[in-house]
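Asker: Fold the following and give me the result.
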Amino acid sequence: MPIDGLYSLAAVGVAGMSAIVLKLDQGRIEGNDSAGARYIGTYEADGAGYRLTLEIISPPYTFGVFGTSASETFRTNSDTIIVPASLFLERVPYTLPSYGITVIATRIPDTYANLAGKDGIRTLIGMLERAEAAWKNAARTT
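Answerer: Next comes the predicted model:
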């Protein structure tokens, strides 16, 4: 049951929600989220699921769905979690027991892979700037 691919994840926790884009490729994880955090790690099959070892690096002045408050410096959280294969293969929501965060993953087209890469945050900002310009333009015509 291979799970290699590009995924959009919605995570809901005590401090709100986050949108995450993760690329899973041959045991490696790379991604970014809507608060500007970067995800780096590995994954491997573990029984009926997968063991994910992640390092989440959050920039200064951002919140986390883990309930962490904003920091004036970069903050790194590292953990290993086991998730059921159904999270990635069947879009079944899963609540991470030790965090109280519910996650749902959806496979997305590989054309969005740049959102998971090193420049993913800049790409997302560019998309939002284009959306903002489109809305301003639409407001002028109505």
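Asker: From L87, how far off is the residue nearest the centre of the chain?
Answerer: Centroid-nearest residue in the chain, with CA atoms, centre = their mean: I20, separated by 2.1 Å. Distance, I20 to L87, by CB to CB, to the nearest Å: 12 Å. Using the backbone N, CA and C atoms, a C-beta is placed for each residue, glycine as well.
Asker: Buried residues of stretch 39-56, list them for me.
Answerer: Y39, G41, Y43, G49, Y50, L52, L54, I56 (16 or more other CB atoms under 10 Å).
Asker: which one of those residues is nearest I29?
Answerer: Closest approach between the buried residues of stretch 39-56 and I29, by CB to CB: G41, at 4.2 Å.
Asker: tell me the contacts of the closest one?
Answerer: Contacts for G41 (CB atoms under 8 Å, 6 or more residues apart in numbering) come out as R28, I29, L52, T53, L54, E55.
Asker: Likewise for S58?
Answerer: S58 neighbours (CB under 8 Å, 6+ apart): A35, G36, A37, G64, T68, S71, F74, R75, T76, N77.
Asker: Tell me how many other residues surround the third one.
Answerer: In this case it means A37. By other CB atoms under 10 Å, the residues close to A37 number 23.
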